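Chemist: Take this sequence and fold it.
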Amino acid sequence: MSRIGKKSITLPPGIKSQIKESKITITGPRGKLSYNLSKMINIKHENNQLELSLIKTNKESKALYGLSRTIINNMVIGVSKGFEKKLEIRGVGYRCQMDKTNLILNIGYSHPIIIKPPKDISIKVEDNVNIIISGINKEQVGQIAAKIRSTRPPEPYKEKGIRYSGEIIRKKVGKAGK
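Modeler: Residues are numbered from 1 along each chain as shown. Model (predicted):
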């Protein structure tokens, strides 16, 4: 059995949950998120807490039990606090800027790279080298951050590229000349 799935989810003040059949909707000050639960998992709302339980006990339902609890917990955190990822650009001449809602990256290619975020995600640029991605859906925030990072991942020889804030890249020794 999943230890994570057994834990109850406490709803902070101002957060409302609505359960219809196998669909749960969480509403808060930042927005509204919904998730379709598996038919093998049951959910109850009691005393400002959400409890998940298994209907069938098999390998697939046990795997979905902890996953569903974590997704619902991330939805509660997202509509109350939100999620944020920070990226840093390192390299001579590498910079970024905003054009309305689009992010324009100048990172050593012959052309600028334009990234259009989904409507729920906001992107801010600080000092032309720091990018802050924020939103209520943890999955989308992480996906956009990974997409931006993949345009020029950090390389281990000169440590140039786009990296997560606080990410440590182990530097490799270059070619030894005679």
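Chemist: which neighbours does whichever strand or helix holds R163 have in its sheet, and in what orientation?
Modeler: Taking DSSP states H and E as the criterion, R163 maps to strand 161-164. Sheet pairing here is set by DSSP bridges, and for strand 161-164 it gives strand 83-90 (antiparallel).
Chemist: how far out from the middle of the chain is the strand it pairs with?
Modeler: How far strand 83-90 lies from its chain's middle: 12 Å, per C-alpha atoms, centre = their mean, to the nearest Å.
Chemist: Pull the residues that contact it.
Modeler: 74, 77, 95-96, 105, 107, 128-138, 141-142, 144-145, 148-149, 154, 159-166 (C-beta atoms under 8 Å, 6 or more residues apart in numbering). Backbone N, C-alpha and C define where each C-beta goes, glycine included.
Chemist: now stretch 161-178
Modeler: So stretch 161-178 is contacted by 85-91, 105, 107, 130-131, 145, 148-149, 151-157, 159 (C-beta under 8 Å, 6+ apart).
Chemist: what do you get if the cut-off is 7 Å, keeping everything else the same?
Modeler: 85-91, 107, 148-149, 151-157, 159 (C-beta atoms under 7 Å, 6 or more residues apart in numbering).
Chemist: gap between the two ends of it?
Modeler: 29 Å (C-alpha to C-alpha, to the nearest Å).
Chemist: What's the ChimeraX line that selects buried ones from the contacts of strand 83-90?
Modeler: Remark: buried members of these, expressed as a ChimeraX selection using 16 or more other C-beta atoms under 10 Å:
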select :74,77,96,105,107,131,133,134,135,136,137,138,141,144,145,148,149,154,160,161,162,163
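Chemist: For I15, which residues are in contact?
Modeler: I26, G28, V76, V79, S80.
Chemist: Name the SS class of the closest residue in space to S38 that isn't next to it in sequence, please.
Modeler: Excluding its sequence neighbours, the residue lying closest to S38 (C-beta to C-beta, 6 or more residues apart in numbering) is L64, at 4.8 Å. At L64 the chain is in helix, as set by DSSP: H, G, I helix; E, B strand; the rest coil.
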